[in-house]
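>>> Attaching a predicted model along with its sequence, questions to come.
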Amino acid sequence: MPYHGINPHLEPFLPYIEKATYTPLTKSWSLPNSLSRPISIDTVKSWLAACDRHHGDHCNRGQTLVTPDQQPTFLIDVHRACLVLATPGVAYATLSYVWGQAGAGPGFSLTSDTHDALRKEGSLDQVDLPRTIRDAMSFVASLGLSHLWVDRLCIMQDNEDHKHGQIKAMGSIYSNSSFTIIAAQSHDAFGPLSSRPLKSSSSDRWSMLRFWGRNFMSRSRAMPSKTTAPATDTAIHWKNPQTDRDAMAIMSADLLRTIWYSRGWTFQEFLFSKRKIIFHNNTVNW
């Protein structure tokens, strides 16, 4: 049966579905809201660590095959709050977001006029950055990484040669990043990554995944030998999901309807990124 009007042959390409199983949910399912428990930074760290440990070079090849014209020129140093020149092999995260109606305030975009000022330590603390970018900087810092690539700040906007070269390199820039933050929660760059606060306490380790009725430990173990649909599975339980797959199908269909999923640029970023941390519907998904 079609997933909410999506032809079955497209199912392998839907977000979230490829890792879902028909494991029954252990409790009633509902999406978190802004009053839900904070998002656990420790859980996100455990995702990255598990991927590094179990997938190795398959998901984290680094930049060994990247030529200079395929590398980012500038990166945001999230600890020093300024732009720095990218050095070969440095680890960085990328941001995939929708610019929308967020106006370019003084000093926000990287141009020939703002370049020198934005290279000074603390300069990004002095400009009115859109909330999405500010949150992404904080999120990257909380994960222990130092650098972030954001198109608006890392591409010289009034230098056509530099802009064209970096646009040509975007596939490589995203595929060679440590991970990509996908900001699908908001309609534009003014919105937050999530309405839920971030928390680094290990005591809240499982908070993000409990809305699935499962915990991260069940995700990190080996999946069932074959995920087989129940014989009576003729349609998705859109209002009352019964299995992990039902819940993730709801999430997938909703992500397909976001502004973020509708753009060609973000499609490219989603396609080339090896590891994605998706902020969506007050959830965080790996």
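Sure, I can see it. Predicted model only: the values in this text are computed from it and were never measured. Numbers count the residues shown, from 1 in each chain.
>>> And the pLDDT for the closest residue to residue 135 other than its chain neighbours?
Closest residue to residue 135 apart from its sequence neighbours, by CB to CB, 6 or more residues apart in numbering: residue 193 at 4.2 Å. The way it works is simple: take the backbone N, C-alpha and C, and place the C-beta from them, glycine included. Residue 193 is assigned a pLDDT of 93 by the prediction.
>>> again, but for residue 102
Value for residue 102, per-residue pLDDT: 55.
>>> low-scoring stretches of the chain, by residue?
The model of the chain has pLDDT under 70 over residues 1-6, 12, 60-66, 101-107, 200-239.
>>> got the residue ranges for the helices in it?
41-55, 115-118, 131-142, 151-154, 160-168, 170-175, 216-220, 244-256, 264-272 (DSSP state H).
>>> which ones are touching residue 120?
residue 82 (CB atoms under 8 Å, 6 or more residues apart in numbering).
>>> Distance check, it against residue 39.
Look at residue 120 and residue 39: by CB to CB, to the nearest Å, they are 32 Å apart.
>>> Now residue 125. Nearest residue, chain neighbours left out?
residue 81 (4.7 Å).
>>> Surely that neighbour and residue 119 touch.
No. At 11.3 Å, residue 81 does not count as touching residue 119 under the criterion of CB atoms under 8 Å.
>>> what about the residue nearest to residue 125, neighbour count?
Using other CB atoms under 10 Å, the number of residues around residue 81 comes to 19.
>>> do residue 197 as well
Residue 197 has 11 nearby residues by other CB under 10 Å.
>>> what do you get for residue 54?
Neighbours of residue 54 (other CB under 10 Å): 10.
>>> Turn the helices of the chain into JSON lines, including distance to residue 31.
Below are the helices of the chain laid out as JSON lines (distance: least, CB to CB, whole Å):
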{"stretch": "helix 41-55", "distance to residue 31": "17"}
{"stretch": "helix 115-118", "distance to residue 31": "38"}
{"stretch": "helix 131-142", "distance to residue 31": "20"}
{"stretch": "helix 151-154", "distance to residue 31": "30"}
{"stretch": "helix 160-168", "distance to residue 31": "36"}
{"stretch": "helix 170-175", "distance to residue 31": "28"}
{"stretch": "helix 216-220", "distance to residue 31": "18"}
{"stretch": "helix 244-256", "distance to residue 31": "8"}
{"stretch": "helix 264-272", "distance to residue 31": "21"}
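>>> Quick one, which of these gets closest to residue 88.
helix 170-175 (12.7 Å; CB to CB).
>>> Give the other helices and strands that the closest one contacts.
Applying 3 or more CB pairs under 8 Å, 6 or more residues apart in numbering; DSSP states H and E, one finds that helix 170-175 contacts strand 93-96, helix 264-272.
>>> okay if I get these as a markdown table plus mean neighbour count and distance to residue 166?
Listed next are these as a markdown table, based on neighbours: other CB atoms under 10 Å; distance: least, CB to CB, whole Å:
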| stretch | mean neighbour count | distance to residue 166 |
| --- | --- | --- |
| strand 93-96 | 27 | 12 |
| helix 264-272 | 16 | 13 |
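>>> out of those, which comes closest to residue 284?
Of all the helices and strands packed on helix 170-175, strand 93-96 comes closest under CB to CB, at 14.2 Å.
>>> Strand partners (parallel or antiparallel) of the closest one?
strand 147-149 (parallel), strand 180-183 (parallel) (DSSP bridges).
>>> Tell me which of those approaches residue 155 most closely.
Closest approach to residue 155 among these is made by strand 147-149 (9.3 Å; CB to CB).
>>> Tell me how far that closest one lies from the chain's centre.
Relative to its parent chain, strand 147-149 has a centroid offset of 13 Å by CA atoms, centre = their mean, to the nearest Å.
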